[in-house]
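Enquirer: Everything below, folded, please.
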Amino acid sequence: MGDALARLDNKRIRKRAATALQTLQHWNHVYQDVYDYLMPYRQGALNRQPGPPSLNKIFDSTPLRGAPRYAGRAQQFLMPPGEAFFQLEAGPMLAAQGQAEVKSLNEELERYAMIQHGALNNSSFHVSTNEMFLDQFVGTGAMLMLEGDDYNPIRTVAVPKCEVALERGPYGDITGRHWARSFRAYEIAEMWPKGRFSEELRRIIKDEEDKPVTICQSTVWHQDERRWRLYVFRLQNRDGQAGGGGRGDDEDLIFDETYRASPWITPRMFVCAGEAEGFGAGLLSLPGTKTLNKVREYDLKAAAIALFGIWAYQDGSGFNPKTAKFAPGAFWPVRSNATSGAFGPSVQKLNIPGDYDLSRIITEDEREQIRQAQMDRTMPPAAGSVRSPTEILERLKDGGEEMVGLLARQQLEIVTPVVQRANEILANRKILPTDRLNIDQLAVGLRVVSPIVQAAMAKDAKAVVDFAQVVAGLWPDKMSLALRDDDVLTELAKWMGVKERHIPSQAERDQVRQQEAQREQAAMAIEAAKAAPQQQPPQAQDIVNGAVN
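Expert: Numbering: from 1, shown residues only. Okay, the predicted model is just below:
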């Protein structure tokens, strides 16, 4: 694409970015409550302040543990650090080819997957993934995969979702990501050393290198080119309004680049039809979190009043609460402290009801609802009521089934884009021999082999084993009619995560069968020779009788 056409697209992309960023602001108002109550360490887009976060709204720490727990479970279930979490294999369209060709292709794809796993483990991928899952707990995560250097070919960075606007395509898929963020001027020159900077931006980079400059990076899908294209331009504000060039919008395009696979990984937890943004467990548990915080706030206030009391003093008496050193506590001016008689004592403690047991019932109920909304099925506390083993097992089972329910979207929006983008980066750096690895689940398939999928595959393997045991017990001579030995052995090996290079091909199995048959024939010949009676030498009388006859 020429520079003139890129600038023409820049005008159109700028309008699309403005619309997406304005929509993002409405979602950020919704997400802000989640950040305030469940993730105070994550400063949202509406009230970013330098320094540590404020915890003035937090009175119970139970909801705060939801996001780290979910991020840890999701990463352990889907892509545990240091372990292989996907495999590449020939798709069903190639199944009609010869078994030798399919096995050879599987071994080659397995080698590609091993190289990709090595490159991902050598980068900050797993660290960025954990940070991305924290934002996915709210609704949507965001991670950027870029090309690195010779030591780290893949460079990943988790991006705050409150800065990234998603653009929904005509078929419900995400066709655009617009990232608006303020960079210091010198960072812009470092990030895009070959960028086309306007005169004003060059002056800012040279004379005011620490000045914040808002840059929008829009990555959109071009259907006619079958490519993703990155547009980098300057924004006057976060709503997407143009500005900064000084000589028209044509000068605002700083950099553009094309990709075969999108550099963005933006997984959503749950999605309503027609929406681009997602909603997560943090948003679902927000009502219970607000109620729990309010109940805990009242509970702590009631405890403080019961402990320190509220004091009343006689107005106009010699007692002056401004100079009296009673703290903590409160004083109410009254006309008289007398219950009977004259004025009564000058200072008297008020009787405050201290029975607040109802709050504890509400608190425990709200905590349980929050755990359910956050898919937290951890063991009950040891100090609580006694739980039966059945209840504990069901709690753990429910948690695993909820994570399995998210697997389809996680594979579609995390694993597959990660593998496609990693393949493109490694091919560009001549580490992988091909950049045409298109994972369409038809010619080339991707199979997730993370622990949660392995558990599901173990159920399939158990069903086959149980069936084989039943047949062996009832009809031992019918096993060849019940199961295909070679197919079952191959499938069981794949279900249990055995590498393709360790599974013998059909030709190798035939050769092994032939060798076993030869060994059996040789053994039978030896046994037959041992069982045959040895011939004795003829006696003399036998020789005479033979001669007479």
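
Enquirer: which SSE is Gln469 in?
Expert: helix 451-474 (DSSP states H and E).

Enquirer: What's the first helix or strand after that helix?
Expert: Remark: after helix 451-474, the chain's next helix or strand is helix 479-482, criterion DSSP H and E.

Enquirer: Pull out the buried positions in that next one.
Expert: For helix 479-482, burial by neighbour count (16 or more other C-beta atoms under 10 Å) applies to no residue. All C-beta atoms are positioned from the backbone trio N, CA, C, and that covers glycine.

Enquirer: ditto for stretch 117-132
Expert: His117, Ala119, Leu120, Ser123, Ser124, Phe125, Ser128, Thr129, Asn130, Glu131, Met132.

Enquirer: Redo those residues as a markdown table? Include distance to Pro160, secondary structure and pLDDT.
Expert: Below are those laid out as a markdown table (distance: C-beta to C-beta, whole Å; DSSP: H, G, I helix; E, B strand; the rest coil; pLDDT from 0 to 100):
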| residue | distance to Pro160 | secondary structure | pLDDT |
| --- | --- | --- | --- |
| His117 | 28 | helix | 91 |
| Ala119 | 25 | helix | 92 |
| Leu120 | 22 | helix | 93 |
| Ser123 | 20 | coil | 91 |
| Ser124 | 16 | coil | 92 |
| Phe125 | 18 | helix | 94 |
| Ser128 | 12 | helix | 94 |
| Thr129 | 15 | helix | 94 |
| Asn130 | 14 | helix | 93 |
| Glu131 | 9 | helix | 93 |
| Met132 | 10 | helix | 95 |
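
Enquirer: so who does the residue nearest to Gln75 when sequence neighbours are not counted touch?
Expert: The shortest distance from Gln75 to any non-neighbouring residue, by C-beta to C-beta, 6 or more residues apart in numbering, is to Asn130 (5.5 Å). Residues in contact with Asn130, defined by C-beta atoms under 8 Å, 6 or more residues apart in numbering, are Ala71, Gly72, Gln75.

Enquirer: again, but for Glu83
Expert: Ser450.

Enquirer: And Met114, by the same measure?
Expert: With contacts defined as C-beta under 8 Å, 6+ apart, the neighbours of Met114 are Ala84.

Enquirer: tell me which element it falls in.
Expert: helix 99-121.

Enquirer: Show me what counts as buried in that helix.
Expert: Result for helix 99-121 [16+ other C-beta under 10 Å]: buried residues Val102, Lys103, Leu105, Asn106, Leu109, Glu110, Tyr112, Ala113, Gln116, His117, Ala119, Leu120.

Enquirer: Please tell me how far the third one sits from Gln25.
Expert: The reference is to Leu105. According to C-beta to C-beta, to the nearest Å, Leu105 and Gln25 sit 49 Å apart.

Enquirer: Quick check: longest helix in the protein by residues?
Expert: helix 3-37 (DSSP state H).

Enquirer: in that helix, what counts as buried?
Expert: When burial is assessed from 16+ other C-beta under 10 Å, helix 3-37 yields the following buried residues: 6-7, 9-10, 13-14, 16-18, 20-21, 23-24, 27-28, 31-37.

Enquirer: Just flag the most distant two among the buried residues of stretch 117-132.
Expert: His117 and Glu131 (20.2 Å; C-beta to C-beta).

Enquirer: which residues of the stretch 51-200 of the chain score low on pLDDT?
Expert: Filtered on pLDDT under 70, the stretch 51-200 of the chain yields the residue ranges 51-54, 95-98.

Enquirer: try 80
Expert: Scanning the stretch 51-200 of the chain for pLDDT under 80 picks out the ranges 51-57, 60-62, 94-101, 103.

Enquirer: What segments of the stretch 401-549 of the chain are helices?
Expert: 407-410, 416-428, 451-474, 479-482, 485-495, 506-531, 540-548 (DSSP state H, counting those that start in this stretch).

Enquirer: wait, what's in contact with Val464?
Expert: Val464 sits next to Leu483, Val488, Glu491, Leu492 when contact means C-beta under 8 Å, 6+ apart.

Enquirer: Which among the residues you listed count as buried?
Expert: Buried subset of these (neighbour count, 16+ other C-beta under 10 Å): Val488, Leu492.

Enquirer: which one of the contacts of Val464 sits closest to Met93?
Expert: Lowest distance from Met93 to the contacts of Val464 (C-beta to C-beta) belongs to Glu491, with 19.0 Å.

Enquirer: Please report the distance of the closest residue in space to Lys57 that isn't next to it in sequence from Met79.
Expert: Leaving aside its chain neighbours, Lys57 sits nearest to Asp36 (5.4 Å; criterion: C-beta to C-beta, 6+ apart). Using C-beta to C-beta, Asp36 is found at 30 Å from Met79.

Enquirer: just to revisit the earlier point, columns distance to Arg371 on top of the buried residues of helix 99-121, output as a markdown table?
Expert: Shown next, in a markdown table, are the buried residues of helix 99-121 (distance: C-beta to C-beta, whole Å):
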| residue | distance to Arg371 |
| --- | --- |
| Val102 | 47 |
| Lys103 | 47 |
| Leu105 | 46 |
| Asn106 | 43 |
| Leu109 | 41 |
| Glu110 | 40 |
| Tyr112 | 41 |
| Ala113 | 37 |
| Gln116 | 36 |
| His117 | 34 |
| Ala119 | 38 |
| Leu120 | 32 |
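
Enquirer: what's the longest helix of the chain packed up against?
Expert: Where contact means 3 or more C-beta pairs under 8 Å, 6 or more residues apart in numbering; DSSP states H and E, helix 3-37 is packed against helix 125-138, strand 164-168, strand 174-184, strand 212-222, strand 227-234, strand 253-259, helix 281-284, helix 286-308.

Enquirer: Just the CA trace of the next helix or strand after that helix, in CSV.
Expert: Later in the chain than helix 3-37, the nearest helix or strand by DSSP H and E is helix 66-78. The C-alpha trace of helix 66-78 is given here as CSV (Å, rounded to 0.1, in the frame of the first residue of the first chain):
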residue,chain,number,x,y,z
GLY,A,66,-11.0,-13.3,43.4
ALA,A,67,-8.9,-11.8,40.6
PRO,A,68,-5.5,-13.3,41.6
ARG,A,69,-7.2,-16.7,42.2
TYR,A,70,-8.9,-16.7,38.8
ALA,A,71,-5.7,-15.6,37.0
GLY,A,72,-3.8,-18.4,38.7
ARG,A,73,-6.4,-21.1,38.0
ALA,A,74,-6.9,-20.0,34.4
GLN,A,75,-3.2,-20.0,33.7
GLN,A,76,-2.7,-23.3,35.4
PHE,A,77,-5.6,-24.9,33.6
LEU,A,78,-5.0,-23.4,30.1
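
Enquirer: residues in contact with the nearest residue to Ala472 once chain neighbours are set aside?
Expert: Nearest residue to Ala472, sequence neighbours excluded (C-beta to C-beta, 6+ apart): Met479, at 6.2 Å. Counting by C-beta under 8 Å, 6+ apart, Met479 touches Ala468, Val471, Ala472.

Enquirer: State the distance from the second one to Asp485.
Expert: With distances defined as C-beta to C-beta, the gap from Val471 to Asp485 amounts to 12 Å.

Enquirer: More neighbours: which of the two?
Expert: Val471 (17 against 10; other C-beta atoms under 10 Å).

Enquirer: quick one: contacts for that one?
Expert: With contact set as C-beta under 8 Å, 6+ apart, Val471 has these partners: Lys478, Met479, Ala482, Leu483.

Enquirer: between the buried residues of stretch 117-132, which is nearest Asp149?
Expert: Ser123 (10.7 Å).

Enquirer: Ramachandran angles for the closest residue to that closest one other than its chain neighbours?
Expert: Nearest in space to Ser123, with sequence neighbours left out and distances taken as C-beta to C-beta, 6+ apart, is Ile154 at 4.5 Å. Main-chain torsions, Ile154, degrees, to the nearest 10: phi -110, psi 130.

Enquirer: Make 38 the starting number, not 1.
Expert: New numbering, starting at 38: the last item is Ile191.

Enquirer: Please report the distance of Ile191 from His66.
Expert: Here the criterion is C-beta to C-beta. By it, Ile191 lies 35 Å from His66.
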